[in-house]
Structure formats: structure tokens, C-alpha cells
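Student: any chance you can model this:
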Amino acid sequence: MAYTWDNRVKFVVRYMYDIDNNGYLDKYDFECLALRNTLIEGRGNWDTAAYANNQKVMNDLWNEIALLADFNKDGQVTVDEFKQAIQKHCSNMTWEQLPAAFKTFISKTFKTVDINGDGIVGVDEYRLDCVSRSAFSDIKEIDTAFNALLTEEDRKVEGISLIRYQDLYAQFISNPDEKCNAVYLFGPLTVV
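Tutor: Below you'll find the predicted structure:
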């Protein structure tokens, strides 16, 4: 149940976008994401230019999500609306086929996970990303998920490159297969 497409999309809404945890997406969530991403990318340091860029990226993402998913035009996107939009606009799509704002968000997300900025998300960064969103009592659980995510090519570089992350994220939200290794992109999942 935890790795079903339905649960993965709920996970994305709850843990990736719904920053204020009110159960739906709205413009405020994306304003908060702009600030959050700026601080994470700057490792706690403030950069006004980076913030302005992140504001633009997040505003564009919100506008695209609202256009694709706010079916009743109330300024809020519920989990059900988001799922319908993902199914309609992203189902079985590759990275290249995703809507532009989603692609920008995914690339920005990679930068917040790649803490040391070397272009690879290693096991240490993966662990930190996982525990920033979910509760775990055993590191083996996280490491098992990381190892299930990797291909032989990933193992050679000891992690996940930006291109690989983009592909995995696209599969995470668009591929209904519960056994594809992309289901582990954000660590071991629980039912949302």
C-alpha cells in the first residue's frame, strides 16, 4: 500500500508541497517553499538574488499547478485535485514530457538534497533528506531503500546524479508500477 501510485502522489502533496500542513496546496505553500529552498541551498546563509529566483520558480510552479489542478478555481488544490491533474498531465511520462514548472521544481529539489554540491546525492545526503520528512528508528531501513534505488551505474558514482534524480522523480509521480526502483526516491514510505 505504501508504494502505490495513489500513496506516492499523496506523499508528494503532504511532504513536498504542503509546507504549512493544512491538507491542501495554495500560493502560501509556494511562498514558503521559496524561502525554505533559498536557506537550504545557501546552507543557512541568506542570498537576496537566490531568493528572488526561488520566488519566481515557486510562483511559476504554483501558477502551473493551479492551472492544471484547481478545478473549482477556489485558490486551493486538494489532494484529490492534485491526483487527478497528475493522472491527466503526467501519467506514464518521462522527465522530458513533464510540465515545465514541475521540471524546474524537481531540479531545484535536487539542489536542496545535494548538500555538498558535488552533483551526486550520496547515501549521507539521502539519509538527511529522508529524516527531514519522516520518522525512522533504524538506519538500515533508510539504507535498504537507498540501495534498492540504485542501478549499477549509480553504484559506480556512489549515488544519484541530477539526470538520474530527474528520471526517478518523473517515475515516482507518473509510473503506476509499485515495484519500480523510483518508489524509493524519498526513502521508505508509509501510508499517507
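Student: stretch 16-27: end-to-end distance?
Tutor: The stretch stretch 16-27 measures 14 Å between its terminal residues, going by Cα to Cα, to the nearest Å.
Student: pLDDT value on the residue of the chain most remote from its centre, please?
Tutor: In the chain, the residue that sits farthest from the middle, by Cα atoms, centre = their mean, is Asn72; the gap is 24.9 Å. Confidence at Asn72, expressed as pLDDT, is 95.
Student: shouldn't it be within a strand?
Tutor: No: secondary structure of Asn72 (DSSP: H, G, I helix; E, B strand; the rest coil): coil, not part of a strand.
Student: burial of Ala50, as a residue count?
Tutor: Neighbours of Ala50 under the rule other Cβ atoms under 10 Å: 16. Every residue, glycine included, has its C-beta placed from N, CA and C.
Student: ok, and the closest non-adjacent residue to it?
Tutor: In space, Ala50 comes closest to Thr38 once its chain neighbours are excluded; the distance is 5.2 Å by Cβ to Cβ, 6 or more residues apart in numbering.
Student: which non-adjacent residue is nearest the residue farthest from the centre of the chain?
Tutor: Glu81 (7.8 Å).
Student: now that neighbour: which helix or strand?
Tutor: Taking DSSP states H and E as the criterion, Glu81 maps to helix 79-90.
Student: can you point me to the longest helix in this protein?
Tutor: Counting by DSSP state H, the longest helix found in the chain is helix 48-69.
Student: pLDDT weak spots in this protein?
Tutor: Across the chain, no stretch falls below the confidence threshold (pLDDT under 70).
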